[in-house]
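Undergrad: Can you look at this prediction? I've put the sequence above it.
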Amino acid sequence: MRHWLSAIIVAAGIIGFVSPSAAKVIKFEIVRVESPAFEGRSFGAVGTYDRIVARATIAVPPADPHNTVIVDLDRAPRNAQGLVEAVTDVEILRPTVAANGNRRLFYEALNRGGKLGLALFNDNPVVVNDLAKAADAGNGFLMNRGYTIVWSGWQGDIVPGGGRMTFSPPIVPGVTGLAREDFIFDHSDNPASATLSYPAADIDPAHAKISVRQREADPRATPVGLEVKFEGPTKISIKRPEGFDAGAIYEFIYTAKDPKVMGLGFAATRDIVSFLRNETADAAGTANPLAGRIDRAIGFGLSQSGRYLHDYLYLGFNADEAGRTVFEGLMPHISGGKKTFTNYRFSQPGRSPYQHADMLYPGADFPFTYPVITDGLTGKRDGFLARCLTAGNCPKIIKTDSEIEFYQQRASLVVTDTEGNALEMPDNVRLFLLSNLQHFSLANAKSEMAKTCAFPTNPLNAGPPVRALLVALDMWISNGTLPPVSRYPSRADGTLVSPAADDVGFPRIPGFPYTSRMARPTLINADTMPPSKGAAYPVFVPKTDADGRDLAGLHLPTLEAPAATHTGWNLRKTGFGEGELCDNNGAMIPFAATREERLKNNDPRLSMAERYPSEGDRAAAIAKAAQQLVQDRLLLEDDAKLFAPKIN
């Protein structure tokens, strides 16, 4: 490592004159180049792509105002120049012929080390991390349009393997503290094995605390038969007592050591994208493989990584250390009103508070939305845009959510204040509810039974509208063309309502109850361990019609001529925490075929025969709806064709 540090010093003359780029990406090591990538597959007028696999070392000055927000950065080990280093995986897909690219960098923030963006935008039938085969490019959407695609690691606790991309932040030496783990096993192995996020400083189980509860809101119990044993500093086994099913919650509190400077992942994203946009070479002279190719950058994140983008913006990382804007556009997808448990000591970035899990973890607290507002419970004034408004570098934002985000991810707090009143979004923000979709479905998904859920899943796919919205965002940041107006439920027009059944208006479908289950955010008192809940925030859900279809939002063409009730939510089945929300899964309940069948089943929803009395009625309605979405710039012409054969 010392040879390239020496090169920095020699090039700068004295340490006080180290260049701005040297204090960011000090080493960009290209591991391999595949040219052409995807087995030589060509993408329309753009042609072939190159795949570049690399490792980057960043180094940041802890006292720089752009970095001081990073928790424990001031305690981290430093190199000879007084900078804190971290190493991250980087992967780039670029047009082989530079002139054929569209000069846009599309950065996908990884989800738990994995690449999900191509599954969404390119309709990949499976999620692939090692992009080696021609089929791994899916329908080629991003490539056909000439985007340069970049991924880099940001989550410092990812276990290598399976093509996952890693980030290696420094460990803070000599620090211990209480850490907490929630485990829902969803299996019946006894004892059950579990991995801790941090090594234990004390492996005496008498100095740790284990409890169990069947439901998240239940009191913690320590029944006879509940035992825990350390199998090593990061491994425990839990002997499970009688009387609790596979969906029970086991909470383990222990003294941990070796916290990681996890918030440095935000600086890694900032510095990698800034380097690729602005520099010609790293500090050691290695050429930037994208030098001169990029004019603008869009950041995309899906679920966890969409919440990461909320944090990235909120914490002020959309300006590099030289004050340059990193992303002109952001697309947080299915992220609701939450952030992440990343920039904390003993953080666990994979956690996300749900109705049945992780409700007491930090990272999903106020602020929940973009405009700067006052929290009615604490008096704090803040918003996702607070820092970028001060710095003058706010990006254009198109945010998309599915229906489940209103039940599991505080989405209503994006458009209400903390007292439940409607909010107006700033001019740089557009919001879209993808009506009646579950959290995520692949393009070729079929409705099926999930292991823990009571009802068949929802196969509706978000790819077509999200592709159109990416095109709209690109035009917005490139030439100022305004995107479509927001389509999101609101308290102002009555499309966002209390979760009470009578208010929602969901149909009373035999055997498929609407239960008003949802994650209800509260103030969290983190001064105790375990933390405790305080006052609650008001939360709301989309109002539906008599078929269970959300009144507000962007309706896929098939929803304008439905064959079933689609929901973003599902319920856990017997043996797995029965009746609680089934994580991120939705449901699909088909209509009866005939009037006689629905009357026999006491189903209030019209049958298929009653809705579409003549052959071709449904297909015509779907085609009409698709063309309207094309006209509204919410569906691309090529994607309108996808809905012709759809029957679900």
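TA: Sure thing, it's come through.
Undergrad: From now on I want contacts and neighbour counts done on CA atoms only, so please keep to that.
TA: Will do.
Undergrad: Residues in a beta bridge with residue 56, which ones?
TA: Partner residues in beta bridges with residue 56, using DSSP bridges, are residue 28, residue 88.
Undergrad: Next, count neighbours for it.
TA: 23 (other C-alpha atoms under 10 Å).
Undergrad: Please name the residues that touch the closest residue to residue 102 other than its chain neighbours.
TA: Among residues not flanking residue 102 along the chain, residue 146 sits closest, at 4.8 Å (C-alpha to C-alpha, 6 or more residues apart in numbering). Applying C-alpha atoms under 8 Å, 6 or more residues apart in numbering to residue 146 gives the contacts 46, 95, 100-104.
Undergrad: can you list the weak-confidence ranges in this protein?
TA: 1-23, 645-648 (pLDDT under 70).
Undergrad: That one: helices as residue ranges?
TA: Along the chain, counting by DSSP state H, helices occupy 2-12, 117-121, 141-144, 264-278, 304-314, 386-391, 404-408, 463-479, 501-504, 557-560, 595-600, 608-611, 617-631, 637-640.
Undergrad: which of these is buried the deepest?
TA: Mean neighbour count, computed with mean count of other C-alpha atoms under 10 Å, is highest for helix 404-408 among the helices of the chain, reaching a mean of 28.
Undergrad: Could I have the CA atoms of that one written out in PDB?
TA: Extracted C-alpha coordinates of helix 404-408, given in PDB (Å, rounded to 0.1, in the frame of the first residue of the first chain):
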ATOM      1  CA  ILE A 404     -47.400  -2.100   0.400                       C
ATOM      2  CA  GLU A 405     -45.300   0.900   1.200                       C
ATOM      3  CA  PHE A 406     -48.300   2.500   2.800                       C
ATOM      4  CA  TYR A 407     -48.800  -0.500   5.000                       C
ATOM      5  CA  GLN A 408     -45.200  -1.300   5.800                       C
END
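Undergrad: contacting residues around that helix?
TA: Counting by C-alpha under 8 Å, 6+ apart, 334-336, 353-355, 411-412, 437-439, 517-519, 540-542, 567-569, 583-586 sit against helix 404-408.
Undergrad: for stretch 117-133, same thing?
TA: By C-alpha under 8 Å, 6+ apart, stretch 117-133 touches 37-39, 108, 114-116, 135-142, 162-164, 301-302, 442-444, 462-464, 466-467.
Undergrad: For the buried ones among those residues, write the corresponding PyMOL selection.
TA: Remark: buried members of the contacts of stretch 117-133, expressed as a PyMOL selection using 16 or more other C-alpha atoms under 10 Å:
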select buried, resi 37+38+39+108+114+115+116+136+137+138+139+140+141+142+164+301+302+442+443+462+463+464+466+467
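Undergrad: Of the contacts of helix 404-408, which belong to strands?
TA: Using DSSP state E, the members of those that fall in strands are 541-542, 567.
Undergrad: quick one: the residue nearest to residue 102 from residue 45, how far?
TA: Per C-alpha to C-alpha, to the nearest Å, residue 146 is found 9 Å from residue 45.
Undergrad: Same check on residue 316?
TA: 38 Å.
Undergrad: Neighbour count for the two, which is higher?
TA: For the pair residue 316 and residue 45, the greater number of neighbours falls to residue 316 (25 against 12), based on other C-alpha under 10 Å.
Undergrad: dump the residue contacts of that one.
TA: Residue 316 neighbours (C-alpha under 8 Å, 6+ apart): 66, 387-388.
Undergrad: Over to residue 51?
TA: 33-37, 91-94.
Undergrad: Could you check how far it is from residue 290?
TA: 12 Å.
Undergrad: quick one: contacts for residue 182?
TA: Residue 182 touches 249-252, 357-358, counting by C-alpha under 8 Å, 6+ apart.
Undergrad: Determine how far stretch 208-228 lies from the middle of the whole chain.
TA: 30 Å (C-alpha atoms, centre = their mean, to the nearest Å).
Undergrad: got it, and stretch 94-101?
TA: With C-alpha atoms, centre = their mean, you get 29 Å for stretch 94-101.
Undergrad: What of stretch 554-569?
TA: 23 Å.
Undergrad: show me where the stretch 401-550 of the chain has strands.
TA: Taking DSSP state E, counting those that start in this stretch, the strands of the stretch 401-550 of the chain run over residues 429-434, 496-497, 522-525, 532-536, 541-542.
Undergrad: which of these sits most buried?
TA: strand 541-542 (a mean of 28).
Undergrad: OK, contacts around the residue most central in space within the chain?
TA: Taking C-alpha atoms, centre = their mean, the centroid of the chain lies closest to residue 303, which sits 2.0 Å from it. Taking C-alpha under 8 Å, 6+ apart, we find residue 303 in contact with 111, 332-335, 439.
Undergrad: again with residue 319
TA: 66, 270, 325-326, 393.
Undergrad: Residue 550 now?
TA: With the criterion set at C-alpha under 8 Å, 6+ apart, residue 550 makes contact with 435-436, 542-544.
Undergrad: Quick check: beta-bridge partners of it?
TA: Assigned bridge partners for residue 550, using DSSP bridges, are residue 544.
Undergrad: Give me the distance between it and residue 41.
TA: For residue 550, the distance to residue 41 equals 41 Å [C-alpha to C-alpha].
Undergrad: what's the answer for residue 385, then?
TA: Residue 385 is 41 Å from residue 41, by C-alpha to C-alpha.
Undergrad: For the two, indicate the residue with more neighbours.
TA: Between residue 385 and residue 41, counted using other C-alpha under 10 Å, the more crowded position is residue 385 (24 against 16).
Undergrad: Measure how buried the closest residue to that one other than its chain neighbours is and give me the count.
TA: Closest residue to residue 385 apart from its sequence neighbours, by C-alpha to C-alpha, 6+ apart: residue 370 at 5.3 Å. When neighbours are counted by other C-alpha under 10 Å, residue 370 registers 24.
Undergrad: go on, residue 185?
TA: Neighbours of residue 185 (other C-alpha under 10 Å): 17.
Undergrad: Residue 573 too?
TA: Residue 573: 19 neighbours (other C-alpha under 10 Å).
Undergrad: Would you check that it makes contact with residue 449?
TA: No. Counting by C-alpha atoms under 8 Å, residue 573 stays clear of residue 449, with 10.7 Å between them.
Undergrad: How far away from the center of its chain is stretch 33-41?
TA: The mean C-alpha position of stretch 33-41 is separated from the chain mean by 29 Å, C-alpha atoms, centre = their mean.
Undergrad: so how far does that stretch reach from one end to the other?
TA: Using C-alpha to C-alpha, the two ends of stretch 33-41 sit 16 Å apart.
Undergrad: Adding distance to residue 198 as columns, could you present the contacts of residue 319 in a markdown table?
TA: Shown next, in a markdown table, are these (distance: C-alpha to C-alpha, whole Å):
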| residue | distance to residue 198 |
| --- | --- |
| 66 | 28 |
| 270 | 26 |
| 325 | 35 |
| 326 | 32 |
| 393 | 36 |
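Undergrad: for those residues, which one is nearest residue 480?
TA: residue 393 (15.8 Å; C-alpha to C-alpha).
Undergrad: returning to what we had before: need the max-distance pair from the contacts of residue 51.
TA: Top of the distance list for the contacts of residue 51 (C-alpha to C-alpha): 36 and 91, 14.7 Å.
Undergrad: of the two, who's got more company?
TA: Counted by other C-alpha under 10 Å, residue 36 and residue 91 do not tie: residue 91 has more neighbours, with 20 against 17.
Undergrad: For residue 152, see how far away that one is.
TA: From residue 91 over to residue 152 (counting by C-alpha to C-alpha), the distance is 6 Å.
Undergrad: now residue 572: how far from residue 455?
TA: Applying C-alpha to C-alpha to residue 572 and residue 455 gives a distance of 8 Å.
Undergrad: my bad, residue 613
TA: From residue 613 to residue 455 the distance is 28 Å (C-alpha to C-alpha).
Undergrad: who's more crowded, the two?
TA: Neighbour totals were compared for residue 613 and residue 455, and residue 455 leads with 23 against 10 (other C-alpha under 10 Å).
Undergrad: Quick one: residues contacting the residue lying closest to that one once chain neighbours are set aside.
TA: Using C-alpha to C-alpha, 6+ apart and skipping the chain neighbours, the partner closest in space to residue 455 is residue 587 (5.9 Å). By C-alpha under 8 Å, 6+ apart, the contact set of residue 587 is 438, 455-458, 566-570.
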